[in-house]
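[1] Here is a sequence with its predicted model. Questions after.
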Amino acid sequence: MKYENYLSQLSILIEQEKNAARALQQICSKIQQDLDHYDWVGFYFMHHESKKLHLGPYAGKATDHTIINFGSGICGQVALSGETYLSDDVAAEENYIACSIDVKSEIVEPLFLKNELIAQIDIDSNVSHAFNQEDNAFLKTLNEMLADRYGKDLKNIVAF
């Protein structure tokens, strides 16, 4: 896997950082700085009662999209489906919520704790067709590592 060595570096960071929120912020910053095609990296957290996603730690340009309704945009679609969504060209998406005119492609990977969808990592790229199945596998493994290490602490990162 293309990201195998990189996951080893992130694993060390995850094991050393006791605080889940700080770990997520460090991971967002590291990924956004290290991976050229990862221009915006952030975590959205599920609030099942209100059917809204709330923005948690992120790195990249500020966004107005701090709360997203389930079903709205790519992140909102993942909140309903629980499945990875990869868009090669966000301009072609009917339900896309534009965060920046620079964004060309996006990948959203759900984060499960046991069988419950609790969050998702959202990556925007200013390059079209930026993501592939290796990115998908990388983000899925990262989310699994985070769930294994921090468990229910992940649910408390965003106050609802």
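    Noted; the coordinates are in hand. Residues are numbered from 1 along each chain as shown.
[2] Can you name every helix or strand that the lengthiest helix in the chain contacts?
    For the chain, the longest helix by residue count, based on DSSP state H, is helix 133-150. Packing partners of helix 133-150 (3 or more Cβ pairs under 8 Å, 6 or more residues apart in numbering; DSSP states H and E): helix 4-16, helix 20-34, strand 105-113, strand 116-125. For the C-beta atoms, the positions are set from N, CA and C on the backbone; glycine is no exception.
[3] Go ahead and name everything in contact with the longest one.
    Residues outside helix 20-34 that contact it (Cβ atoms under 8 Å, 6 or more residues apart in numbering) are 6, 10, 13-14, 17, 38-43, 56-60, 123, 142, 146, 149-150, 153-154, 156-157.
[4] immediately after it, which helix or strand?
    The first helix or strand that comes after helix 20-34 along the chain, using DSSP states H and E, is strand 40-47.
[5] List the neighbouring strands of the helix or strand just after that next one plus their orientation.
    Sequence order places strand 52-59 as the next helix or strand after strand 40-47, per DSSP H and E. Pairing partners of strand 52-59, with direction, according to DSSP bridges: strand 40-47 (antiparallel), strand 67-69 (antiparallel).
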